[in-house]
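*Asks:* Need coordinates for the below:
(one chain, ligands or ions: 2)
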Amino acid sequence: MRRNADELAKMRKAGRVVAEIHEATRAVIRPGASTADIDRAAREVLEHRGAGSNFLNYHGFPAVVCTSLNSMIVHGIPSEKVILEEGDIISIDCGAIVEGYHGDAAYTAGVGEVSAEATRLMEVTERSLFAGIEQLRPGNRLHEVGRAVQQVAEAAGFSVVREYVGHAIGTAMHEEPQVPNYWPGTPGPTLKSGMVFAIEPMVNAGEAGTVLLDDGWSVVTVDGRLSAHFEHTIAVTDEGPEVFTVL
Ligand code: MG
Ligand code: MG
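*Replies:* Numbers count the residues shown, from 1 in each chain. Ligands and ions are numbered 1, 2, ... in the order given. The predicted structure follows:
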């Protein structure tokens with residue numbers, strides 16, 4: 001779907017709120033903080049901005065952010081009992097609704113000093129996201145995004161998660177079409193200005209496989225190795241990709 005200038009302006013506002021949540025949550029990430037502290041920081045921003053949460057109550061999800069630690073790939077539930085430790089990496093995924101329009105973005109950060117492998121995994125995952133974003137230009141085919149993401153991740157010796165993917169976004173968080181982070185074998189739809197996507201590579205240090213835990217939400221790597229997740233909401237424009245989820 002193509003969004004008009006008025007809709008894009010609302011999505012820009014929603015994206016900015018998500019970026020503010022990123023800034024606020026980064027400030028609480030330290031050894032000894034709980035993942036519930038991260039959720040509280042996010043709720044304060046939503047309240048302050050008068051924005052809605054597209055995560056809270058999504059299929060029953062109980063928080064406004066997902067907090068996924070180390071080998072957890074996505075959808076971790078914030079908890080007073082999950083305490084960050086020096087050397088951990090934590091993925092924070094969150095969104096906001098402003099005037100009926102959605103933003104969605106994620107990042108992974110280290111807690112204190114982290115290993116060289118963790119640092120490289122985070123750096124490569126973020127770089128793969130921007131390689132995908134570069135493909136969001138009118139006339140390109142959508143699945144060039146996944147091809148670009150996969151190339152960066154695999155060239156670094158890492159693997160790309162297959163079961164969870166990016167998506168179009170607008171008046172709902174998850175709209176069609178989906179955006180795989182790998183080449184799915186077909187080029188997909190032709191991109192046009194005004195289309196908006198959430199691109200979100202999940203990159204594993206080891207194997208690509210995933211396991212859903214008994215809580216029905218938390219997704220972890222099959223081999224217990226680290227995973228990182230970066231996401232932005234981006235519009236296709238005639239001037240090139242415009243990232244909404246930045247300050
Ligand atoms: Mg997200
Ligand atoms: Mg998303």
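
*Asks:* For the longest helix along the chain, name the packing helices and strands.
*Replies:* Longest helix in the chain, counting residues (DSSP state H): helix 5-26. Counting contacts by 3 or more CB pairs under 8 Å, 6 or more residues apart in numbering; DSSP states H and E, helix 5-26 is packed against helix 35-49, strand 89-98, strand 101-110, strand 232-235. From N, CA and C alone the C-beta is placed, and that goes for glycine too.

*Asks:* Columns mean pLDDT on top of those, output as CSV?
*Replies:* Below are those laid out as CSV (pLDDT from 0 to 100):
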stretch, mean pLDDT
helix 35-49, 98
strand 89-98, 98
strand 101-110, 98
strand 232-235, 98
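
*Asks:* Adding mean neighbour count as columns, could you present the ones you listed in JSON lines?
*Replies:* Formatted as JSON lines, these follow (neighbours: other CB atoms under 10 Å):
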{"stretch": "helix 35-49", "mean neighbour count": "20"}
{"stretch": "strand 89-98", "mean neighbour count": "26"}
{"stretch": "strand 101-110", "mean neighbour count": "24"}
{"stretch": "strand 232-235", "mean neighbour count": "27"}
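
*Asks:* tell me which residues in the longest helix of the chain are buried?
*Replies:* Residues of helix 5-26 classed as buried by neighbour count (16 or more other CB atoms under 10 Å): 7-8, 10-22, 24-25.

*Asks:* Only the C-alpha atoms, please, for that helix, written as PDB.
*Replies:* The C-alpha trace of helix 5-26 is given here as PDB (Å, rounded to 0.1, in the frame of the first residue of the first chain):
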ATOM      1  CA  ALA A   5       2.000  12.800   2.500                       C
ATOM      2  CA  ASP A   6      -0.400  13.200   5.400                       C
ATOM      3  CA  GLU A   7      -0.100   9.600   6.400                       C
ATOM      4  CA  LEU A   8       3.700   9.600   6.100                       C
ATOM      5  CA  ALA A   9       3.800  12.700   8.400                       C
ATOM      6  CA  LYS A  10       1.900  10.700  11.000                       C
ATOM      7  CA  MET A  11       4.200   7.700  10.600                       C
ATOM      8  CA  ARG A  12       7.200  10.000  11.000                       C
ATOM      9  CA  LYS A  13       5.800  11.100  14.300                       C
ATOM     10  CA  ALA A  14       5.200   7.600  15.400                       C
ATOM     11  CA  GLY A  15       8.700   6.700  14.400                       C
ATOM     12  CA  ARG A  16      10.200   9.500  16.400                       C
ATOM     13  CA  VAL A  17       8.400   8.300  19.500                       C
ATOM     14  CA  VAL A  18       9.900   4.800  19.000                       C
ATOM     15  CA  ALA A  19      13.400   6.400  18.600                       C
ATOM     16  CA  GLU A  20      12.800   8.200  21.900                       C
ATOM     17  CA  ILE A  21      11.900   4.900  23.600                       C
ATOM     18  CA  HIS A  22      15.200   3.500  22.200                       C
ATOM     19  CA  GLU A  23      17.100   6.400  23.800                       C
ATOM     20  CA  ALA A  24      15.200   6.100  27.100                       C
ATOM     21  CA  THR A  25      15.700   2.300  27.300                       C
ATOM     22  CA  ARG A  26      19.400   2.500  26.400                       C
END
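
*Asks:* start to end distance for stretch 47-57?
*Replies:* One end of stretch 47-57 sits 16 Å from the other (CA to CA, to the nearest Å).

*Asks:* What about Val246, how many residues nearby?
*Replies:* Using other CB atoms under 10 Å, Val246 is surrounded by 15 other residues.

*Asks:* measure it to ligand 1 for me?
*Replies:* According to CB to the ion, to the nearest Å, Val246 stands 15 Å off from ligand 1.

*Asks:* now Glu154
*Replies:* For Glu154, the distance to ligand 1 - CB to the ion - is 23 Å.

*Asks:* Give me the buried positions along the helix or strand encompassing that residue.
*Replies:* Glu154 belongs to helix 144-155 when assigned by DSSP states H and E. For helix 144-155, the buried set under the neighbour-count rule, 16+ other CB under 10 Å, comprises 144-154.
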